[in-house]
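Chemist: Sequence first, then the predicted structure, then my questions.
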Amino acid sequence: MTDLHTLALEQTADAVIVIDKQGIIRIWNQAAERLFEFSTAEAIGANVDLIIPERLREAHWRGFSHAIEAGKTRLGGVPTRTRALCKSNNKLYVQMSFAVVLDASGQSIGAVAMARRMDA
């Protein structure tokens, strides 16, 4: 990434999380640290299950697999409200939007999510 890309990503108010096709966190910005309470060092290389409540994981992985295969999400980037996990185990409701990340040839290589805290 260029310096401008890195600075923009780190300075945005929304949490930005990028995962690869296996669900491994590859990008985790400062807003994600504040929202989910996991440091970048803790998050990078971890499975995204780190922030997904156990009862939602099966549905998440079903939707993720379908989106990766289809090259797009069912919601088309429209934000949705959901529960998430944070390090302190406090209840956390977030508004998230998702997109599949495509390479130059149009192949799915991962996904990006943007999140912000919502009141319960």
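Modeler: Great, that's in hand.

Chemist: For Val112, see how far away Ile25 is.
Modeler: Distance from Ile25 to Val112, counting by C-beta to C-beta, to the nearest Å: 11 Å. Just so you know, the C-beta spots here come from the backbone N, C-alpha and C atoms, and that holds for glycine as well.

Chemist: which residues are common contacts for those two?
Modeler: Counting by C-beta atoms under 8 Å, 6 or more residues apart in numbering, the residues touching both Ile25 and Val112 are 17-19.

Chemist: re the thing from before, could you check which of Ile25 and Val112 is surrounded by more residues?
Modeler: Legend: neighbour count by other C-beta atoms under 10 Å for Ile25 and Val112, higher for Ile25 (23 against 15).

Chemist: I'd say Ala84 and Asn90 touch.
Modeler: No: using C-beta atoms under 8 Å, Ala84 makes no contact with Asn90, being 10.5 Å away.

Chemist: Show me which of these two is the more surrounded one.
Modeler: Ala84 (20 against 8).

Chemist: ok, that one - contacts?
Modeler: With contacts defined as C-beta under 8 Å, 6+ apart, Ala84 is in contact with 36, 51-53, 92-94, 96, 115.

Chemist: 6 Å - rerun?
Modeler: Contacts for Ala84 (C-beta atoms under 6 Å, 6 or more residues apart in numbering) come out as 51, 92, 94.

Chemist: ok, those residues vs Ser105, which is closest?
Modeler: The nearest member of those to Ser105, counting by C-beta to C-beta, is Ile51 at 29.9 Å.

Chemist: From the contacts of Ala84, which land in strands?
Modeler: Among these, the ones falling in strands (DSSP state E) are 92, 94.

Chemist: for the contacts of Ala84, which one is nearest Pro79?
Modeler: The closest of the contacts of Ala84 to Pro79 turns out to be Val94 (C-beta to C-beta; 9.5 Å).

Chemist: State the number of residues packed around that closest one.
Modeler: Counted by other C-beta under 10 Å, the residues lying close to Val94 total 22.
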